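In: got a predicted model here, sequence first, then my questions.
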Amino acid sequence: MIEVRDLQVRYGERTVARVPELDVREGECVAIVGESGSGKSTTLLSLLGLTEGAHVSGHVRVCGVDVLQAAPRRLREIRGARVALVMQSPQAALSPATRLGTLMRRALKLHGVGGGRIEQVMRDAMETVMLEHRILRRYPHEISGGQAQRFAIALAIALGAEVILADEPTSALDVTVQAEVVGVLRRLREERGLALLLVSHDLALVSTIADRVLVMKDGEVVEAGEAAVVLAEPSHPYTRELLEALP
Amino acid sequence: MTMLRAEGVTLGYGGTPVVHDVTLDITEGGVGLIGESGSGKTTLARAFLGLLTPMSGNIWYGDQTLKKADQRRFRKDVQPVFQAEALDPRMRIGGSVAEGLSRGERHRVPELLRQVGLAPELAERRPHQLSGGQRQRVVIARALAVGPRLLILDEPTSALDVTVQARILDLLASLDTERLLITHNLAVVGRLCRTSHVLFAGRVVEAGPTAELLDRPAHPYTLALRDAVPKLGGPPPVARGRTEARPAETGCPFRLRCPLAAAACERAPALREVAGRQVACHRAEDVLGG
């Protein structure tokens, strides 16, 4: 679903992210971990061609589309529909004056889901993320952070996303709500074969959900491999430092 | 020795109570206040700082109520440490740290910065020129300036990277002051607080030695909080009960979320002694028994 080779993201002379190799297959979860400024979010955004003003080179293939070569129209087709982006605060990305149901209906129409099917698709998506249907009547400010995050995931499912790119999707949530959102993501992987690329600074969380992990520091991948191996027997001092810092 | 004590305190805004009848002693060895957003932790902290007057009940400072206490002494003894966003963006770091110092004491700024692990040269900078971790250290230095006996810490590390968080926790653990730590992160409480109080919907639902609470929770809510925390290499975090359910207005406030709720839970449970801690749950023995 995602294939990255020799990705380099530069702003002017400054290289902010360099990823030699990154693959995410169907039903797999790969996590990019690191601290603020490590280049992990930049890497994620570059997969959808969303690093405005940056010079991006290398080879990036997402859902069969060559992201760095594709025409803007082709990119718009995969963004949202086949590849969904889930951010830390989805409420900020939702129009404050639009009810959630209206918003989801519009998105579905925009991506060509037929009129007769819309209500059923919406109902299925809300059920999958365990949100009550009546929440669709609410405005973004009337729902909690956890509900907003699950709504963002429901939107992705309704649009038929095959890949979810998630940037710190639970770091603003209470632990109990985080557990619910993580549960939804795990289930989507298992039941629908969704591919998940997760950016997080929480190594404990990553260890419970990711198959593979990339550790980034100052824009470079310092360690990569199976999550169980990297987190149990880290070979890079920085990975060890991150692990030792866990409370 | 108890330095601050909430006794039967009910707190609210605009006549609506959000914290109900809480009794809590700030004792030696650190006290943790744990709960989700909206549980009333910060409201209680505001009352301990004298920023909110109880609707009923009292906050005791030694043998006097906070209302009657010597405010000058209180302000010196009890200092808040909030998230670093609380720094004035226009003020230089040195000025922020010196706010509570008299003119004659301002020479102590470099020493205070050093105490929290910052280079004295940073005094000339402004908050935006510092990293998140450095700003949090400045907030701690500012609180330490007046020589407090107690720090009231409201989520002091939640916005920080893990390595930065670890260093701030080391710093807090090394300080010779008492602390009330407000957090939703149980792991942090385990390090800094000998006793903890778990708050749900403005009520203390479990209170006792932190180690006991984390090892063998007796309230289903404490259990849900503990099991939701991901552990390195451990099983996936468990979501127990639906977090969306609102607190019940009658009976046990947790019962609509509680996987163990029974008919008895329609009666409000009082705090009672179970296995060396206070717990407000009719099913505490069942929770302990697994």
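Out: Everything's here; your move. Model, not experiment: these values are computed from the prediction. Residues are numbered from 1 along each chain as shown, chains lettered A, B, ... in the order given.

In: B:Met41: what's it in contact with?
Out: I think there's a mix-up here, since residue B:41 is Lys and not Met. By C-beta atoms under 8 Å, 6 or more residues apart in numbering or on different chains, B:Lys41 lies in contact with B:Leu33, B:Ile34, B:Gly35, B:Asp154, B:Ile182, B:Leu199. Using the backbone N, CA and C atoms, a C-beta is placed for each residue, glycine as well.

In: tell me the one among these nearest to B:Gly290.
Out: Nearest to B:Gly290 among these is B:Ile34, at 21.3 Å by C-beta to C-beta.

In: does the closest one have beta-bridge partners, and which?
Out: Counting by DSSP bridges, B:Ile34 is bridged to B:Thr183, B:Val198.

In: start to end distance for stretch B:251-263?
Out: 10 Å (C-alpha to C-alpha, to the nearest Å).

In: who's in contact with it?
Out: B:200-201, B:203, B:205, B:219-221, B:224, B:240-243, B:245-248, B:265-269, B:280-283, B:286-287.

In: apply 7 Å and report the result again.
Out: B:200-201, B:203, B:205, B:220-221, B:240-243, B:245-248, B:265-269, B:283, B:286-287 (C-beta atoms under 7 Å, 6 or more residues apart in numbering or on different chains).

In: just the C-alpha atoms of the worst-scoring helix or strand of chain A on mean pLDDT, please, in CSV.
Out: Using mean pLDDT, DSSP states H and E, helix A:72-78 stands out as the lowest-scoring helix or strand of chain A, at a mean of 85. In CSV, the C-alpha atoms belonging to helix A:72-78 read as follows (Å, rounded to 0.1, in the frame of the first residue of the first chain):
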residue,chain,number,x,y,z
PRO,A,72,-2.6,17.3,-8.6
ARG,A,73,-6.0,15.9,-9.8
ARG,A,74,-4.8,12.3,-9.4
LEU,A,75,-3.5,13.1,-5.9
ARG,A,76,-6.8,14.6,-4.9
GLU,A,77,-8.5,11.3,-6.0
ILE,A,78,-6.5,9.2,-3.5
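
In: what helices and strands are in contact with that helix?
Out: Of the remaining helices and strands, none touches helix A:72-78 by 3 or more C-beta pairs under 7 Å, 6 or more residues apart in numbering or on different chains; DSSP states H and E.

In: who in chain A is up against chain B?
Out: With C-beta under 7 Å from any C-beta of the partner chain as the criterion, chain A meets chain B at residues A:35-36, A:146-147, A:174-180, A:182-183, A:186, A:201-205, A:207-209, A:231-232, A:241-242, A:245-247.

In: can you list which of those residues are found in strands?
Out: For those, not one is inside strands, with DSSP state E as the criterion.

In: buried ones only from those, please, as a PyMOL command.
Out: To isolate the buried members of these in PyMOL, using 16 or more other C-beta atoms under 10 Å in any protein chain shown:
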select buried, chain A and resi 35+146+147+174+175+176+177+178+179+180+182+183+186+201+202+203+204+205+207+208+209+231+242+245+246+247
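
In: just the ones in helices from the residues of chain A next to chain B, please.
Out: A:146-147, A:175-180, A:182-183, A:186, A:203-205, A:207-209, A:231-232, A:241-242 (DSSP state H).

In: may I see the buried residues of stretch A:92-99?
Out: Under 16+ other C-beta under 10 Å, the buried positions of stretch A:92-99 are A:Leu94, A:Arg99.

In: show me the contact partners of it.
Out: A:Met87, A:Leu103, A:Leu136, A:Arg137, A:Arg138, A:Tyr139, A:Pro140, A:His141.

In: repeat for stretch A:133-148
Out: Here stretch A:133-148 makes contact (C-beta under 7 Å, 6+ apart) with A:90-91, A:94, A:96, A:99-101, A:104, A:122-123, A:126, A:131, A:151, A:172-173, A:177, A:180-181, B:243-244.

In: quick check: the gap between A:His141 and A:Val16.
Out: 33 Å (C-beta to C-beta, to the nearest Å).

In: can you map out the helices along the chain?
Out: No chain was given, so I picked chain A. Under DSSP H, chain A gives helices at A:40-46, A:72-78, A:100-110, A:115-128, A:145-158, A:175-192, A:203-209, A:227-232, A:237-244.

In: was after chain B, sorry
Out: B:41-48, B:71-77, B:93-98, B:109-115, B:132-144, B:162-174, B:186-192, B:210-215, B:220-228, B:284-288.

In: compile those helices into a markdown table and extend it with columns for distance to A:Gly116.
Out: Converted to a markdown table, these look like this (distance: least, C-beta to C-beta, whole Å):
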| stretch | distance to A:Gly116 |
| --- | --- |
| helix B:41-48 | 49 |
| helix B:71-77 | 67 |
| helix B:93-98 | 62 |
| helix B:109-115 | 67 |
| helix B:132-144 | 51 |
| helix B:162-174 | 49 |
| helix B:186-192 | 49 |
| helix B:210-215 | 53 |
| helix B:220-228 | 40 |
| helix B:284-288 | 49 |
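
In: need the ones you listed in TSV with mean pLDDT, can you?
Out: Below are the helices of chain B laid out as TSV (pLDDT from 0 to 100):
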stretch	mean pLDDT
helix B:41-48	93
helix B:71-77	93
helix B:93-98	94
helix B:109-115	93
helix B:132-144	90
helix B:162-174	87
helix B:186-192	87
helix B:210-215	94
helix B:220-228	93
helix B:284-288	96
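
In: what's the closest of those helices to A:Val221?
Out: Per C-beta to C-beta, nearest to A:Val221 of these: helix B:162-174, 17.9 Å.

In: got the domain boundaries for chain B?
Out: B:4-215, B:217-290 (automatic domain parsing).

In: sorry, back to before: who has more neighbours out of A:His141 and A:Val16?
Out: Comparing A:His141 with A:Val16 by neighbour count (other C-beta atoms under 10 Å in any protein chain shown), the higher total belongs to A:Val16, at 20 against 10.

In: how close does the more buried one sit to B:Leu87?
Out: For A:Val16 relative to B:Leu87 (C-beta to C-beta), the value is 27 Å.

In: before we move on, what about B:Cys252?
Out: 41 Å.

In: those two: which has the busier surroundings?
Out: B:Cys252 (29 against 21).

In: give me the neighbour count for residue 28.
Out: You didn't say which chain, so I picked chain A. Around A:Glu28 there are 18 residues (other C-beta under 10 Å).

In: let me rephrase: I mean chain B.
Out: B:Glu28, neighbours per other C-beta under 10 Å, totals 11.

In: one more: B:Leu192?
Out: Residues lying near B:Leu192 (other C-beta under 10 Å) number 21.

In: next one: the one 5 residues further on
Out: B:His197 has 27 neighbouring residues, counting by other C-beta under 10 Å.

In: contacting residues around stretch B:205-223?
Out: By C-beta under 7 Å, 6+ apart, stretch B:205-223 touches B:32, B:186, B:189-190, B:193-198, B:200, B:226, B:240, B:254, B:258-260, B:274-281, B:284, B:287-288.

In: any chance of a PyMOL selection covering the buried ones in those?
Out: Taking 16+ other C-beta under 10 Å as the burial criterion, the selection of buried members of the contacts of stretch B:205-223 in PyMOL is written as:
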select buried, chain B and resi 32+186+189+190+193+195+196+197+198+200+226+240+254+258+260+274+277+278+279+280+281+284+287+288
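
In: farthest pair within the contacts of stretch A:92-99?
Out: So for the contacts of stretch A:92-99, where distance means C-beta to C-beta, the most widely separated pair is A:Met87 and A:Arg137, at 23.6 Å.

In: of those two, who's got more company?
Out: A:Met87 (19 against 11).

In: ok, that one - contacts?
Out: A:Ala93, A:Asp167.

In: hmm, back to that, going through the contacts of stretch A:133-148, which ones are buried?
Out: Those of the contacts of stretch A:133-148 that meet the buried threshold are A:90-91, A:94, A:99-101, A:104, A:122, A:126, A:131, A:151, A:172-173, A:177, A:180-181, B:243-244, by 16+ other C-beta under 10 Å.
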